[in-house]
Structure formats: structure tokens, C-alpha cells
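**Student:** Here's a sequence, model it:
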Amino acid sequence: MPEPSLRGRAEWFIVGVFALGAMAFTAAFFVRPIDDPAGVLALVTLTALSERLGVKLYFDGRVSISFVGAVMAAVCFGAPAAALVAAAIALTGGYLFADRSTRKLAFNFGQQNMAAFAAAMAIAGVAATGIEQNPLALVAEGAIAGLVIFAVTTTAVAGVVSITTSRNFFATHRADFAWLLPHYVALGLVAGALSAVYGQLGVAGLVALTIPLLLSRYSIKQVVDKTRDNVLRLEKSNQQLRSAYIEIRDMSEELRDAYTGTLESLVAALDMRDQETRGHSNRVANHSVELARLLGLNDEEELTMIYRGALMHDVGKIGVPDAILRKPGPLTDDEWLFMRKHPTMGYRILAQVPYLRPAARVVLAHHERWDGDGYPRRLKGEAIPLGARIFALADTYDAIVSDRPYRDGKSPDEALKEILRCAGSQFDPKVVEAFEAVFPGWRDEKDGHGASPLYLPAWRRRNDAPGRATG
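**Tutor:** From the prediction side, this is the model:
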């Protein structure tokens, strides 16, 4: 048989609580008669009034001092009065002046009457021990009644909450209700003290002491209303900030998209100028990011910097004359000297754009060597930025396996052999280790080329990111 739904179980739980409460309400009038109808009527009226004047909180809840009346009924008048007070609290606070929910009325009636009956029976048990009913004893009885009501009501409420939310009952009670225990005990002591006053002064004394409590409701309401207004204002401001953040984030992503599109268009233009390396920059950029991830670089900003640096590594060739850049034969020493200025020229171009300055450092160092024999600054070892060390290997691999007008590209295995030979001299050994790990995938790429659209870098595509990449 299938397990009933959460709502179905909650409904049965509410029915059970109502049934037990109804039984308690009925049994209360068989326990003892009402000895002081005027006092009971006054207490029921004052309790209903205090519940009606409860202060609404800024969330779905309200506070009142009606609990004091429930404790006083158990201490002063016994089970019948406690039952009437419980019914008044359920009707006044949870139905007549609220949302008129029959489910809520049934549940509140049940749990209030169970708690009131249990408290009255506990006080009757204490009285049966023969303890003298002096003011101190009444205060203690008030605390006992408060504890009993706390135990019954919080158990019932925690029960329905745990059912409807599928949370553990004990965890729910501990997290949501245990902190209320001191408040119940304190109000129980107050109710016991009022019971002692009632015993000495009667209804007049009860009304006289209750009026200041009801009047204090005005001050409490002012504080709570002010707090609620402030909280609602803060929530509205927070919502506005969240909306502004989303708009700024979307605009930032659009700007990054525009930046990336501009860079990739520039690279496409460079590739058209230098026909022999068409697609080279894009392939190397994607391979560089793959190596960076394997080396433990997962920060998106750092990966973006490496991608941009690798993509724009040859931007400095804008300043190289076509006579040198497209020369079909070997370059002279002077021509090589000029060609080797392109990392510095590329750095100067990119460093003028704030968001490209980190990538510009990769461009400046992309021809440095691990052993210090590179250019333009002859950096050595870890003095070379990691992004440039990664790029140098990816660049060399692509150059070896790609066709050129003056030679055919070599096989991936030959490229692997050459790169392993240069580990520790031209290349960072750790980067070479990462290359060995990714090499099987690179070797399977068609014609040695990674098929990857310009507007979707490889690391974004593997993460199934929607839309165009922002890198």
C-alpha cells in the first residue's frame, strides 16, 4: 500500500489532535465544578481580550499574553476554567479575527485544550499532596503549569511541522521551540503571582493588575510596528540591491562577451594577414586552458587571463612589416632581431587596455625559456609567468603538427618526442607532465587541430555553459 502524502498525514495528525482536545474539553467539566463563575468569566474575558490584542510580527506570527490566563485558569480554578480559557484562545486568536481557517481552528482547539487539561491535572496532583496554598506555592504551581503547557503545545506544533516538512521531530523541536522554554517558565511565574493576588483581592485585584498588562500592549505594538516597518524597508532595499546586482552582472557579462568578440575578431584579422598560421591562436588558446586546468588552475579570472594571453600572443606582429612577416625564405639576423620585438610590441598594445593588462604579461613572456635562453628579457624558471610557460608548450606543439608552406606538419607522436626532449630546457617540467596526461586527447584531434568555434572556448563547452563564452 503506498505511503500517504505529507498533506494527508498532516490532516490525520490534526484530526487526532482535535479529537484528543475535544475529549480533554469534555472531561474537564467532570473533574470538578466551577466554584467561582464570576472569577472564571472575568478571566476568560481578559484572556480573550489579551489574545485579540496580540501584536502581529513582521513575519507570519503574533505575540500576546494570553498564556498567562491559561496558567491562571489551571492554578486558580482548575480544569473547567482551563478548558474555557483554551477554547477562548483558539477562537479569538486563531479563527474569529484571523483567516477563519477551520484546519487551524481545529488544531489550535485541540492542542490548547490538551495543554490546559494536562496543566490542570498537574496542579491538582500538587494540591493533593497537601502542600499549603500560600503565595509562594502558587508561584511555584504557575511555573509547573507553564512547563506542562510548553511541553504539550510545542510537541503538537513541532509534530505537525515535522510532518509537513519531512524534518526530524526532535531536530525541529530543538531548533524551533526549545528556546521558548525560559519565556514559558517566566510567564508561568507571573501567572502564579497573579493567582496569589487573586486569592487575596478577588476579581477586583485581578482586573486591576491585568489592566497595566493590557496597556503595555500599546508600547509593545509601537516597538514591534517600528521594527516591522524597518525590516520591511530593509527587505525592500535588499530586493532592490539584488535586482541591481543581477542587472550589473548581466551587463558585465555582456561587456565581457563584447570584449571577447572584439579580441577574437582581431585575431581572425591577424590570421588572415598571416595565412600560414590561420586558426593557430585559437587552437593554442584552448589547449593552454586545458593544460591550466590540469595544473590545478580553476579560478575563472585566471583561466580567462591565460585564454586571452594565448589568443593575443601574436598581436605584436601588427608592427612587423609584411616583408619580414610573409617572407618565403629564411630571415636575416637583422630581420630576426626585428621579429623578436613582437612580444614587447604586443605587450605595449595590450597593457594600454586595463582589462587586458594581466594577459599582456603572458604576451610579453611567451617566448621565454625555462633555462633562461628565451627573449625578450631572458627570464628563467618560475620567474616566467605560469600562463606563459603553459602557452609556450601549447604553441610549440601546434607549430610542430601544423603544415607550413615551407614544410609539412609532423605527427603528434613526433611532437611529443620533441617536447619531452626539451623538458627542463625549453619547457617547465611540470607543464610537460600535464601535457603527457592530455596528449592522448590532442593526438586524436583531426589533423592535429582542435575543432572549436571562436565564440565558445573549450573549457566553457565542456561545462555545457549556455550562450557565448565570456572568457
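
**Student:** need the strands for the chain, in chain order.
**Tutor:** For the chain, the strands defined by DSSP state E cover 55-56, 62-63.

**Student:** Give me the neighbour count for G199.
**Tutor:** 16 (other Cβ atoms under 10 Å). Where you see a C-beta, it was placed from the backbone N, CA and C, and this is true even at glycine.

**Student:** so who does it touch?
**Tutor:** By Cβ atoms under 8 Å, 6 or more residues apart in numbering, the contact list for G199 reads 76, 133, 135, 138.

**Student:** could you redo the last one with a cut-off of 7 Å?
**Tutor:** With contact set as Cβ atoms under 7 Å, 6 or more residues apart in numbering, G199 has these partners: L138.

**Student:** What of D250?
**Tutor:** Contacts of D250 by Cβ under 7 Å, 6+ apart: none found.

**Student:** And the helices in the stretch 301-450 of the chain?
**Tutor:** 322-325, 333-339, 342-351, 357-365, 386-401, 412-421, 429-443 (DSSP state H, counting those that start in this stretch).

**Student:** So which residues make contact with the first one?
**Tutor:** When you say that, I think you mean helix 322-325. So helix 322-325 is in contact with 274, 317, 331, 335, 338-339, going by Cβ under 7 Å, 6+ apart.

**Student:** Drop anything exposed from these.
**Tutor:** Burial by neighbour count, 16 or more other Cβ atoms under 10 Å: within the contacts of helix 322-325 this picks out 274, 317, 335, 338-339.

**Student:** Burial check on F439, number of neighbours?
**Tutor:** For F439, the neighbour count with other Cβ under 10 Å is 17.

**Student:** Dump the helices of the stretch 301-450 of the chain to TSV, plus mean pLDDT and distance to S64.
**Tutor:** Compiled in TSV, the helices of the stretch 301-450 of the chain are given as follows (pLDDT from 0 to 100; distance: least, Cβ to Cβ, whole Å):
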stretch	mean pLDDT	distance to S64
helix 322-325	79	85
helix 333-339	86	86
helix 342-351	88	68
helix 357-365	89	61
helix 386-401	92	65
helix 412-421	92	79
helix 429-443	92	68
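
**Student:** Out of the ones you listed, which gets nearest to A145?
**Tutor:** helix 357-365 (70.0 Å; Cβ to Cβ).

**Student:** what's the angle from that closest one to helix 386-401?
**Tutor:** Going by axes from the mean of the first three to the mean of the last three Cα atoms, to 10 degrees, helix 357-365 is angled at 50 degrees with respect to helix 386-401.

**Student:** What is helix 357-365 packed up against?
**Tutor:** Secondary-structure packing of helix 357-365 (3 or more Cβ pairs under 7 Å, 6 or more residues apart in numbering; DSSP states H and E): helix 300-311, helix 342-351, helix 386-401.

**Student:** Could I get the buried residue list for stretch 250-257?
**Tutor:** 256-257.

**Student:** Tell me the gap between it and the middle of its chain.
**Tutor:** In terms of Cα atoms, centre = their mean, to the nearest Å, the centre of stretch 250-257 is found 24 Å from the chain centre.

**Student:** what's the neighbour count on G424?
**Tutor:** G424: 11 neighbours (other Cβ under 10 Å).

**Student:** That one: what's it in contact with?
**Tutor:** With the criterion set at Cβ under 7 Å, 6+ apart, G424 makes contact with W370.

**Student:** how much space is there between it and S281?
**Tutor:** Applying Cβ to Cβ, to the nearest Å, the value for G424 to S281 is 27 Å.

**Student:** what does L194 give?
**Tutor:** 85 Å.
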